[in-house]
Each structure stands twice: as structure tokens, then as C-alpha cells.
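Show me the folded form of this:
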Amino acid sequence: MEDLCTYWFDEPDDRLPGALFTHVEGIEGDQSDLHRRNLYHAVLYSGRDELGVNWSGRGKGHDYGRAAENNVIKQCIDTAASIIAKNRPKIRILTSDADWSDQRKARDLEKFCWGEFNRLGIYEAGPDVFRDGGVFGTAGAKIFEKHGKVAFERVLIDEIVVDERDTAPNMVPRELHQRKLYEKDVLKSLFPGFEEEITKADRKKSAWADVREIPANHCVVIETWRLPAGPGQPGIHIIAVDCAVLFKEDYTKEHFPFAFFRWCNPIMGFYGQGIAEELLDLQVRLDKLERFVAQCQDLIAVPRVFMDGAGPIAPQLDNTIGAVVRTRSKPVFFTPQALGPEIYEERDRLTRQAFERIGISQLSAQSLKPAGLESAVALRQFNEIEGQRFAIVAQRYEQWYKDVAELVIEVASEIYSSKRPNSTTWASESSIEVIDWSDVHMEAERFVISIEAASIMSMSPAAKLQAVTELAQVGQLEKQEIRYLLNHPDLERSDSDSFADFENCLKTIEMLERIDRDYVPPEPFQNLDLCLKRVQLRYLALKNRPWKTPPPEEVFERFRDWTSQAKDLMEIAAGEGVPEEAMGGPAVGESGPAPEAPMGVPPVSAAIGNANASGLPIPLTV
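Below you'll find the model as predicted:
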């Protein structure tokens, strides 16, 4: 058994960098086939030399071939991404038996996550991470602190070095190493005080120099995390170049700062299996067949003229168009068939087999619909049936978003614990709000994170017009609105207008609960009947629930004030009506019919003045 003192992390600080580099280089040497496959799969997908994925197992100048003429690997990966990765899962923060303040914080924590996802571009990076999973089998993202803010970085799996012999069946290794190239000037700005050590870092000393051309003024940097061995036995987090330790600390977390997505989980080990690996045999066979067909068509299926004449007969065919072939008879114009039909059938069969193996119909790959499927209901059902093949993959993709959210919350909490300010901007369709972490901070045991999948309905104009037709058929739209939407199918704005009174009611309740915000009195243009009912229900819910820590009395006082003022407004509107002079009619003392109020608007507009006279604080803006 290997003695513990020989482990790299047991070495003294002056020998620790060399021990770490030797350890990581040894792992990569033993698992060079993994990195060789990563490069090969990247080339199969893109059809070009991928310089960013060539760390190990590849000799300089090695040629992995040219782009495939019929690249079914790329077609399958891109189609799967268009089916699954188009969704933008929404993060939900759920509490269990929480008090009033925790429930309010949970709602704001959702906004904080939404704001950070938009600021960091996580939703834009999601499809790229999904594609990486299809190409390499495993894709990752790193969430860390940078300049006092949460930072997000998409990570190519070839940067990650894991000893698969030390990986548990649940894919959690004890150690994880991230190996990257850094420009020395950038590294010096990140680690001031180590300028001399970084300058001495020898880019050619590393074993990776044999397989990768390391640019001038660059060096290899390894960042390593080792999980704790047990309670009271912390792990280690270290950043080093080949001659110096740039950063070192105890590591107490039970996970790494990475969120990984795998197209197919491995039976054992860490690295998953992707579409490129799954279709490798078919792609190689298909490439060989394509080259054979192309060669036969170039050499055989070429128009030729056979004519009698003296001189030698050509012993070898070429692909010259209209070539003259000497014969002993009259001229014959002839374009021969290059191959038999079974060759072309085999090529088509291999293409179909590739899509069937992954579970994608060629109709989806070509954006076609099956013959006979005309109705919107049938098309949606067809998409749902096809999507069942990817149900497990979609769950893993949503889990990736959940893991990212947990890491974002964890890093934000660490920034807050170090007494540094941290905030983000949450934007809705109608407002922008700055969410400060100090207002949403909760202990991790007091909430859980769940995923709410976004709508996968097509946003094309044709789909929107179909949705307008379906809503009109069930009587959910007025005739004038139907005619307008058929020309401008802006369903989002229509929905926003239709539910504006309900959304205003929810916003009113939220503002009443927020004692850190200014009190907002009722307005005559609100749907006071709806708001009064919802406000009273929320008041009773706050009163009846057995809170561990009940809301402060000021919250109930705000609810009671708002309810009283809303009832006064409704009584004024019901008892006095609208003065004629306010509607442009005859003044007081003059005769004339009273004008009617506009359709759909309660006759309370002119009651604003009377309400103000009674001392009610009513704003004049809507």
C-alpha cells in the first residue's frame, strides 16, 4: 500500500507545486485516451481542427481528417439541442412551514436568481453547455467569486482532470483539477506579490509542451480542489504554477464549484458518453461510403464519346467530361451509371439508423411535419410523443440549471458573510427592481430550489395566429380584439392587458406587506371589488396562520388602513356619481342631460375631488 507521506498534498510548500504537477500529468498520461477522444469528437462535430481541445494524447501535426459530407453527428446534436435546450427553466424557491419574513425573502430570492442568471448570461450559455454534452459526453460550468460579484464560466471538459480510479459510483471524485493556460501578465494582475514566481514559470518544462504548442509569455496553471476526508479533516484548495503556490486554503465543502451536465451518465467513473461517441461507428462507415460514392461518380458517371479510330486504346479511365475513347466501331455517346441502387440505399439506411439510435426523427432534423398532420392539436401531440425519448436528458438539463442556481446562491452568501455589498437587478415587463442580498439572505436549511420549465410553445407568427384562433373559438377574446390580433398576434400584450387588474391587486398586496416600502393608498381606477376581496383574504391568512415569527403589527395596520380607504372610495363612487362639469356637461345650476360614463369605466373619476376633500390620501396619477 502506498505510504500517505507520498501523496502530493502532504508535501511541504516548497515541493508542493512540483508534486501537484507530477500528479496531474500522471493522471493525464494514464487517461490519454479520454482526451484524445475529446479532440476527435470535437473534430467530428465541427469538421475542423479544434485548437482549444488538444491537451493530451495528440502529437503535433496530427491530422484528424476533413469535414464529413454527411455529418449526422452534427445534425443529431443540433436537433436535440433545438428540442430540449430551447427551454429556459425558471428557478423557484420553496419554503416549508416558514414564517412571514422567510416567505417574503423566498419570493425576492427568486428575483435575485433571475437577475443573476440574466446578468451572467447563463440562459444564453445553456444551449452551448448542452451542445458540449452532446459532443464530449460531459459539459461543465464554474461558478465563483470575481471582484466581489458572482461570476460564471463555461468550462470545456478537457480542462477538467479527474482520476477515474478514485471516482465513486455516483460520479463524485475525491479530487478535481482544472488545468488552463494563462498569459503571465494577466496572472500577475490576479495574484499580486507573485510576479517573480510567475515570470520563472517555464512553459517548456511541463510535459504538456510535448503535445501542445504553448505560446510565449504563457504558462500552465492548475487549480485543484480536494474534498474533506471527514469531520474535522478539511480538504484543500490550491492554485499553482510549476514553481510556486499562488493560493492555498482549507476546503470544507462537500462539492466542487462546478455544475456538470452529461448526455448519458456513465455506469462507473466521471466522464459521460455523448452523441458523437454513440454515433462514431456509423459516422466512420458513412464517411467511407460517401468517399467511395464520390470517387465512383467522378470516374464513372461522366459523359463520354466512343468512336472508331486508329491509334492506341486508352487503358485507364479518367474523369474528363466529354473524353474521347478510341473504339473499333461507330461513335457512341454514353453516360454510364456509377453505382447500383443498393449502394445509395445503404447510405440512406446508415443515415436513418443514426437518427433512430439517438431517438430523433428525420422530419425534426429537416424541420418537416408528417404527411396528414394538419391540426395544431395533432402537431403538439406529435411533438410530445417525440419528446418522450429525451425525457431523461431534459431532466438532467434542468438539474444543471438547478445546480447552477445553488452555486450562485452559495457564492452570493459567501460574499455577504465577508461583509461586502452584493446586489443585482431584476427586471419585469413593467418595472425594474434592485435586489440586495442582505434582504434575501436565508439559511440553506430553510428553503429548497425547484425547477419550473418554461413554455415550449413555438413563438413563430403562425403559432401565435393559431393560438388566437383557438382562444376565439372558446370565447376568451372579444370580436374587436380578435380582428386586431389576427393582424398583430401580440398575445403577450393582450394577456398583460387582460390581467392588468389582477396583477395590480397582487402588487398592492405585496406593497402592503413590505414595511420597508412606502405605503400606497387605493386608487379609484383600480378594480376595487377584486382588490378588496384579495386584500381581506390575505389579511385573514396572515392572521390565522400559526407563524413561528408572525408579521409585525405595522403590516396588519397597513392592511386595515388600505381596506378602510378602499371602502370609502367605493361608497363615494356609489353614492355621489360623477359631477356633470367634470365630464364636460353643464355646470351647477344649468340644465341638461348628464353624460354617460365611458363603457367599462366606473363613474368614479370625478369623485376624486370629493375624496380629497374628505382627507383621503389619493394620488392623481394612474
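
the longest helix in this protein is where?
Under DSSP state H, the helix in the chain containing the largest number of residues is helix 391-417.

next SSE after that helix?
Remark: after helix 391-417, the chain's next helix or strand is strand 423-427, criterion DSSP states H and E.

May I see the buried residues of the helix or strand that that next one is followed by?
Next in sequence after strand 423-427, counting helices and strands by DSSP H and E, comes strand 432-436. In terms of neighbour count (16 or more other CB atoms under 10 Å), strand 432-436 has its buried residues at residue 435. Any C-beta I mention is one placed from the backbone N, CA and C, and that applies to glycine too.

Just checking: what are the partner strands of strand 432-436?
Under the criterion DSSP bridges, strand 432-436 sits next to strand 423-427 (antiparallel) in its sheet.

Spit out the contact partners of the spatially most central residue of the chain.
Centroid-nearest residue in the chain, with CA atoms, centre = their mean: residue 126, separated by 2.8 Å. For residue 126, the contacting residues are 85, 88, 397, 400-401, by CB atoms under 8 Å, 6 or more residues apart in numbering.

Buried residues in the host helix or strand of it, which are they?
If you go by DSSP H and E, residue 126 is part of helix 122-136. By 16+ other CB under 10 Å, the buried positions in helix 122-136 come out as 122, 125-127, 129-136.

Okay, domains of this structure per the record?
What automatic domain parsing lists as the domains of the chain is 460-489, 499-622.

weakest of those domains by average pLDDT?
Mean pLDDT is lowest for domain 460-489 out of these, coming in at a mean of 63.

how near is the residue nearest to the centre of the chain to residue 10?
According to CB to CB, to the nearest Å, residue 126 and residue 10 sit 40 Å apart.

State the distance from residue 168 to residue 174.
8 Å.

more neighbours, those two?
Applying other CB atoms under 10 Å to residue 168 and residue 174 shows that residue 174 carries more neighbours, namely 15 against 11.

I'd like to check which residues are in contact with the more buried one.
166-167, 226-227.

Going by neighbour count, which of the residues you listed are buried?
167, 226-227.

rewinding a little: mean confidence (pLDDT) on the helix holding residue 126, please.
Helix 122-136 shows a mean pLDDT of 95.

Please export the C-alpha coordinates of it as PDB.
Extracted in PDB, the C-alpha atoms of helix 122-136 (Å, rounded to 0.1, in the frame of the first residue of the first chain):
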ATOM      1  CA  ILE A 122     -26.500  31.700 -18.000                       C
ATOM      2  CA  TYR A 123     -29.600  31.300 -20.200                       C
ATOM      3  CA  GLU A 124     -27.500  32.200 -23.300                       C
ATOM      4  CA  ALA A 125     -24.800  29.800 -22.300                       C
ATOM      5  CA  GLY A 126     -27.200  26.900 -21.600                       C
ATOM      6  CA  PRO A 127     -27.500  25.700 -25.200                       C
ATOM      7  CA  ASP A 128     -23.700  25.800 -25.600                       C
ATOM      8  CA  VAL A 129     -23.300  23.700 -22.500                       C
ATOM      9  CA  PHE A 130     -26.000  21.300 -23.800                       C
ATOM     10  CA  ARG A 131     -24.100  21.000 -27.100                       C
ATOM     11  CA  ASP A 132     -20.800  20.400 -25.300                       C
ATOM     12  CA  GLY A 133     -22.600  17.500 -23.500                       C
ATOM     13  CA  GLY A 134     -23.600  16.000 -26.900                       C
ATOM     14  CA  VAL A 135     -20.100  16.400 -28.300                       C
ATOM     15  CA  PHE A 136     -17.900  15.300 -25.300                       C
END
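
For stretch 9-26, buried residues please.
Neighbour count says stretch 9-26 has 11, 16-17, 19-21, 23-25 buried, by 16+ other CB under 10 Å.

right, and out of those, which lies closest to residue 161?
Distance to residue 161 across these (CB to CB) is lowest for residue 24, with 5.4 Å.
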